[in-house]
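[1] Build the 3D model from these lines:
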Amino acid sequence: MKIPEEQKGEKKPHGIIKVVCVNLLLIMGVLILAELIWGTWLNPNSWKSVCRYVLCDADLDSIHLINGMEARVRYTKDEFGLRGRRKPTGEIDILVVGGSTTDQRLVDDEHTWDHLLEERFLASGDDIDVVNAGIDGQSSRGHIWNFTNWFPLIEGFAPKYVLFYLGINDIPPQESAGTYDNDLRDLSIKRKIKTWIKQRSISFEVYKLIKGMLAAEKMNVGHSEDRRQLTYGEPFRLDKNDWDFYQTTYLKGQLVPRLRRLAALTKKIGAQPIFVTQRTARWLERDGFLFGLKGGNQAPYVYQGKKFTFNYADIGYAERLISEHILMFCQKEGLACLNGYSEIHLDRNNTYDLVHTTANGSQEIAKAVYRFLRKLNIK
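    You can find the predicted model right below:
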């Protein structure tokens, strides 16, 4: 029997469907296997999920090009995901919490600002253990996650002080509080189920990591290429964004409540909260006017129907506003707060990408924080 020309080489429809179904089943099988191996469905409170995120038992030795020179970097963390701990977990004096500028992934253990801060105490005869709990990419949302998902798993965990070095990662206005600080008691049944799944799924952990990296790149707060050769020539324009709306709905409506929760969570574990605000070197001030780096990306965000576009000059203004709101919060609540925006000097010479510090920049932070803590009679 002769096969018609139009049928030669054609696959039957049910054959194509079969191939698609088999491939989908294989993909589902791989995902299920991955979830069973790396997810935390059987033991959601285990260290497995937390350690994936906080890098327990890290011991990384690498060479990086920092400001045109090769630098050897040793980055270590203990079994609890903490960097630079000397004393038992129940005797930590100062726990430092922050994002990448605290984690300091490309700064050697001996040159992080928390280590240099500790050295200043030791040199004065005070045996103060300053422990680094910084997590690359975290904002205040992530800091809340630490208190509900990480710190409770550390046996005997009882720091005397928790110092929050924060601000720049909280610049982007976002609609949702995300999964870091969701309280299941306050959620609908649908959101409770979604949050329950997210807290156990390795697939979501990978998605969250990639999303965080992209967001950091968008706001230029991730570890990036050398921007120190760019010039400060982009003038700040107040009328480009609705800053009153930004302050009222985002800073007062979202950031301040998160700060209040961080203070409450700190006191709940028997520690005293201390807040230190931030600034970067992506902008400078001349004769009372802000100028950002020329050529900065315009990072757009849509928040409650309004569009916000941030170049480097806008980022500088946002850093100022966030610092002011953190300081006002501290004053209202009677909390210790250092105006790092004004007191810490960072420029193109002591950072490697105008955000993250070199050893010299770390000294600037340590120096300012040490002076402040001495005034608080911490010793």
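[2] ok, now which ones touch residue 174?
    Neighbour list for residue 174: 254, 301, 303 [criterion: C-beta atoms under 8 Å, 6 or more residues apart in numbering]. In short, each C-beta sits where N, CA and C put it, glycine included.
[3] Skip the chain neighbours and tell me the closest residue to the residue positioned nearest the centre of the chain.
    The centroid of the chain falls nearest to residue 138 when counting by C-alpha atoms, centre = their mean (1.7 Å). Once flanking residues are discounted, residue 138 sits nearest to residue 99: 4.6 Å by C-beta to C-beta, 6 or more residues apart in numbering.
[4] Need the pLDDT of the one you found.
    With respect to pLDDT, residue 99 scores 96.
[5] Surely residue 59 and residue 76 touch.
    Yes: contact status for residue 59 versus residue 76: in contact at 5.1 Å, counting by C-beta atoms under 8 Å.
[6] out of those two, which sits in the busier spot?
    Higher neighbour count among residue 59 and residue 76: residue 76, with 14 against 10, using other C-beta atoms under 10 Å.
[7] I figured that one was touching residue 58, is that so?
    Yes: with contacts counted by C-beta under 8 Å, residue 76 reaches residue 58, the gap being 6.1 Å.
[8] Closest one to residue 80 out of the contacts of residue 174, please.
    Taking C-beta to C-beta as the measure, residue 80 sits nearest to residue 254 out of those, at 29.7 Å.
[9] Next one: the residue nearest to the centre of the chain from residue 170, what distance?
    As judged by C-beta to C-beta, to the nearest Å, residue 138 and residue 170 stand 10 Å apart.
[10] C-alpha coordinates for stretch 57-66, PDB please?
    This file holds the C-alpha atoms of stretch 57-66, laid out as PDB (Å, rounded to 0.1, in the frame of the first residue of the first chain):
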ATOM      1  CA  ASP A  57      30.400  25.700  58.300                       C
ATOM      2  CA  ALA A  58      31.600  27.900  55.400                       C
ATOM      3  CA  ASP A  59      35.300  28.000  54.800                       C
ATOM      4  CA  LEU A  60      36.100  29.800  51.600                       C
ATOM      5  CA  ASP A  61      39.500  30.800  50.500                       C
ATOM      6  CA  SER A  62      39.700  32.800  47.300                       C
ATOM      7  CA  ILE A  63      41.500  35.600  45.400                       C
ATOM      8  CA  HIS A  64      39.600  38.600  44.100                       C
ATOM      9  CA  LEU A  65      40.500  41.700  42.200                       C
ATOM     10  CA  ILE A  66      39.900  44.600  44.600                       C
END
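[11] Let me know the secondary structure of the residue nearest to residue 234 when sequence neighbours are not counted.
    Nearest non-adjacent residue to residue 234, counting by C-beta to C-beta, 6+ apart: residue 292, 4.1 Å away. When classified by DSSP: H, G, I helix; E, B strand; the rest coil, residue 292 comes out as strand.
[12] Distance of residue 292 relative to residue 110?
    33 Å.
[13] between those two, which one's more packed in?
    The neighbour comparison of residue 292 against residue 110 (other C-beta under 10 Å) goes to residue 292, with 23 against 12.
[14] Name all residues that make contact with the more buried one.
    232, 234, 236, 282-283, 311-316.
[15] now with 10 Å?
    The contact partners of residue 292, taken as C-beta atoms under 10 Å, 6 or more residues apart in numbering, are 230, 232-236, 282-284, 310-317.
[16] same thing with residue 231?
    By C-beta under 10 Å, 6+ apart, the contact list for residue 231 reads 291, 293-295.
[17] Go again with 8 Å.
    293-294.
[18] just residue 147 next, same as before
    Going by C-beta under 8 Å, 6+ apart, residue 147 touches 262, 265-266, 268-269.
[19] In the sheet, which strands lie alongside the helix or strand where residue 274 lies, parallel or antiparallel?
    Counting by DSSP states H and E, the element that carries residue 274 is strand 272-277. If you go by DSSP bridges, strand 272-277 pairs up with strand 161-166 (parallel), strand 336-338 (parallel).
[20] Figure out which of these is closest to residue 114.
    Using C-beta to C-beta, the nearest of those to residue 114 is strand 161-166, at 8.6 Å.
[21] roughly how far out does stretch 330-346 sit from the chain middle?
    Relative to the chain's own centre, stretch 330-346 is displaced by 19 Å; criterion: C-alpha atoms, centre = their mean, to the nearest Å.
[22] Can you flag the buried ones in the contacts of residue 147?
    262, 265-266 (16 or more other C-beta atoms under 10 Å).
[23] For residue 105, state which of the residues you listed is nearest.
    For the buried ones among the contacts of residue 147, the nearest to residue 105 is residue 262 (22.8 Å; C-beta to C-beta).
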